[in-house]
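Novice: sequence? don't have it. structure:
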């Protein structure tokens, strides 16, 4: 099967320079234009059969553009939400640096400030990816609309990387990551494709 893993468009939090995470900001006008362009590109180049999406507003709105363009309904999955950053959600970065300093050497199964642990974050990604693969046929093309942090976790899940690995994958606004998944092979065809946003 082919998976199109898509980050949401520009959100209001991007302009406010705050810790977003579970803070439920909407897309900006530019974000909507990016999502429209992404939807047009996907509709013109791929025959998708399903759309899975995070339940946070910025992802729901992005997936909505794709649904409208393709006629495919959206399956919402809370496991695809961004990292649960607890008390940091929506706060300016300067405030976070002062009130909630990073805790060095925090074990991967522990969390602070009302956040989820690295293990919990990874487990959500494992659950989401397993669901998508389990509910899809080998000849299908499926879209997943989520968030930068979660897309990184999906990459790590796809390739069975350690929970605390230091590999990171760039995810632009409405960047599309195209994966091929079979019983014998998992392959990245394109990573972070965002040509559709040029000039927006």
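Specialist: Ah, there it is. Owing to the predicted nature of the structure, the values given are computational and were not obtained by experimental measurement.
Novice: Return the backbone torsion pair for residue 112.
Specialist: phi -130, psi 170 (degrees, to the nearest 10).
Novice: now residue 106
Specialist: phi -70, psi 130.
Novice: what's the neighbour count on it?
Specialist: Using other C-beta atoms under 10 Å, residue 106 is surrounded by 13 other residues. Any C-beta I mention is one placed from the backbone N, CA and C, and that applies to glycine too.
Novice: Model confidence at it, what's the number?
Specialist: Per-residue confidence at residue 106 stands at 96 (pLDDT).
Novice: now do residue 17
Specialist: 88.
Novice: I'd like the distance between the residue nearest to it when sequence neighbours are not counted and residue 81.
Specialist: Closest residue to residue 17 apart from its sequence neighbours, by C-beta to C-beta, 6 or more residues apart in numbering: residue 93 at 5.9 Å. Note on residue 93: its distance to residue 81, by C-beta to C-beta, to the nearest Å, is 21 Å.
Novice: Looking at the two, which one has more neighbours?
Specialist: Taking other C-beta under 10 Å, residue 93 and residue 81 do not tie; residue 81 has more neighbours (23 against 12).
Novice: looking at it, the more buried one is touching residue 54, isn't it?
Specialist: Yes - with contacts counted by C-beta atoms under 8 Å, residue 81 reaches residue 54, the gap being 4.9 Å.
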